[in-house]
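Asker: just the structure for this:
(one chain, ligands or ions: 1)
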Amino acid sequence: MNASDPSPRRGTRLAHIGVAVASLEAILPFYREVLGMPEVPLDDADGARIAGLQAGDAVVELLEPKVADSPIGKFIDKRGPGIHHLCFAVDDLEGTLERCRAAGIRLIDERPRMGAEGKRIAFLHPASTAGVLVELTEY
Ligand code: ZN
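Answerer: Residues are numbered from 1 along each chain as shown. Modelled structure (predicted):
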């Protein structure tokens, strides 16, 4: 491998699992103290307070709605707390979206948009992905 390669290809990998929670304070001790996962600071996004916990190379993101009328607030209203989405980091976000489009996968974001921590993201519709909301990111 060439160490000076500015964009080494790493392959698609699990970046984080988004979990909708009613209260960060109530569930954080389970992940932090009981399971011993270190907390990583994350920005709030999309009307949610977010706490991150390191799980190997991936992160568990706990998403607590700041307002009821937010995507996470509506999700909890409808389905209760639970796994909200999976996020995969890919080497080429545009290229991956293009392959999704060509494969007939329904895109929520037609083009990458700016997510938290300045990362480009795009969501795929769960109707095309066996009921799982999939987020793609690139880093
Ligand atoms: Zn996410």
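Asker: where does the chain have low pLDDT?
Answerer: The model of the chain has pLDDT under 70 over residues 1-7.
Asker: ok, which stretches of this structure are strands?
Answerer: Applying DSSP state E to the chain gives strands spanning 13-20, 39-40, 48-55, 58-65, 82-90, 113-114, 120-124, 134-138.
Asker: any chance of these in CSV, with mean neighbour count and distance to the ion too?
Answerer: Just so you know, the C-beta spots here come from the backbone N, C-alpha and C atoms, and that holds for glycine as well. Converted to CSV, the strands of the chain look like this (neighbours: other Cβ atoms under 10 Å; distance: least, Cβ to the ion, whole Å):
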stretch, mean neighbour count, distance to the ion
strand 13-20, 19, 4
strand 39-40, 14, 13
strand 48-55, 20, 8
strand 58-65, 23, 6
strand 82-90, 18, 4
strand 113-114, 10, 12
strand 120-124, 19, 7
strand 134-138, 20, 5
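Asker: for the ones you listed, which one sits closest to I27?
Answerer: strand 58-65 (6.2 Å; Cβ to Cβ).
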